Each structure stands twice: as structure tokens, then as C-alpha cells.
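Engineer: here's a sequence, model it:
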Amino acid sequence: MSLTGQEKNRWTISLFNLQKNNHVLEIGFGPGVAIQLVSQKVPEGLVVGIDYSEVMLHQAKRRNKRAIEAGQVQLILAGVEQMPAFDTKFDKVFSVNSIIFWHNPAEVLQEIRQQMKPSGVIALTVQPYTKGATHETAKQIGTEIARYLEQSGFSQIRMELKAMKPVSSVCVLGVNPC
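Structural biologist: Residues are numbered from 1 along each chain as shown. Got it, this is the predicted structure:
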């Protein structure tokens, strides 16, 4: 995974106030780097990830083998539009560079909200990769994500920007009010 990818994951995770017993969901876990980082921060909690790629599932399982065997990490092969119902509600939900592929983000976010605890926090991070993308592009994407969160019933929505190479990343956070 590139250093920029690791930097985005670390930054996104740092925007949460993770507690050692939190239940955390990552949507689009890729090779499992962020799953590993989060599982170290929530040793008494649970980390669940979904990803639609069998290749990424295999890599993430290998990277997180011990935590999976200990029952602390669960990895599921599924796209966000086919997200299963979980036996737990989540304190935190995050996704890095995934929302740009969702077919109907507002509807998906409503479904995600149903899987979250009251006062649970969601963080959606994107680093634009389009040709000619700028800091302003990241801000525009953030504004669009904020609108999806608002349409889905999230509150206390805020946008964070981080200068990165080749272009800034944006993270939009929201709170499940109920």
C-alpha cells in the first residue's frame, strides 16, 4: 500500500475518538491496513470490515490473521449495496476512497445509519484522483458528501481537509442522532 494510502487511513482514524471497547466498521477495507490499525486501538472491541474484492479479502485475512483467530476482527466479502445485517451496532464507521463508487450514496448511508449506535460517528474520506484535481476539488467532493450525510439523517456534520500529495484529501464526519 502506498504511503499516501497509509497516511489517509491514519488521518481518518485519528479523527475518531476511538475507545478500547468500540465496535468499528470499515467499508472497503482493501488489503486490511486500516483494519489492523484500528484493531490495535480497540483491544476490547470488535472490528468488522466489508469489501467486494476477493483479492483484498485474501490479503486482509493474511494481514489480520491473529486478530481474526482471536475473534476481534471479522472480514466479510460484500459490496456496500449488499451489506449484511450485523449482530452488533457500531460506534464508528469509516471508509476511505469508497463512497465515490457507491451507486446511491444517500440510500446507502441511511442503511449504514441503521447499523450504528446512537451518537455513533461516521467518517468518509476521499482523495480525488481525477486529472487536474486540486484542493478545491477535494472541498467540492466534501460538500457533496456532507449533503449525502444530511439527506441520510446524520447531524453535526463537519469537513476536514488535509494537504497531501498529489492533492488534498477530505474527510466528512457525521453523527447518528438517534
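Engineer: which elements pack onto the worst-scoring helix or strand of the chain on mean pLDDT?
Structural biologist: Taking all helices and strands of the chain together, the one with the lowest average confidence (mean pLDDT, DSSP states H and E) is helix 3-14, at a mean of 86. Applying 3 or more CB pairs under 8 Å, 6 or more residues apart in numbering; DSSP states H and E, we find helix 3-14 packed against helix 33-41, strand 90-96, strand 116-126, strand 169-175. Every C-beta, even on glycine, is put in place using the N, C-alpha and C of the backbone.
Engineer: compute the inter-axis angle for it and strand 90-96.
Structural biologist: Angle of helix 3-14 versus strand 90-96, following axes from the mean of the first three to the mean of the last three CA atoms, to 10 degrees, is 160 degrees.
Engineer: quick one: low-confidence parts of the protein?
Structural biologist: Applying pLDDT under 70 to the chain picks out residues 1-4.
Engineer: go again with 50.
Structural biologist: Using pLDDT under 50 as the threshold, the predicted model of the chain has low-confidence ranges 1-2.
Engineer: and the residue of it positioned farthest from its centre, backbone torsions?
Structural biologist: Seen from the C-alpha centroid of the chain, the residue lying at the greatest distance (CA atoms, centre = their mean) is Gly132, 25.3 Å away. Here is the backbone geometry of Gly132 (degrees, to the nearest 10): phi 80, psi 10.
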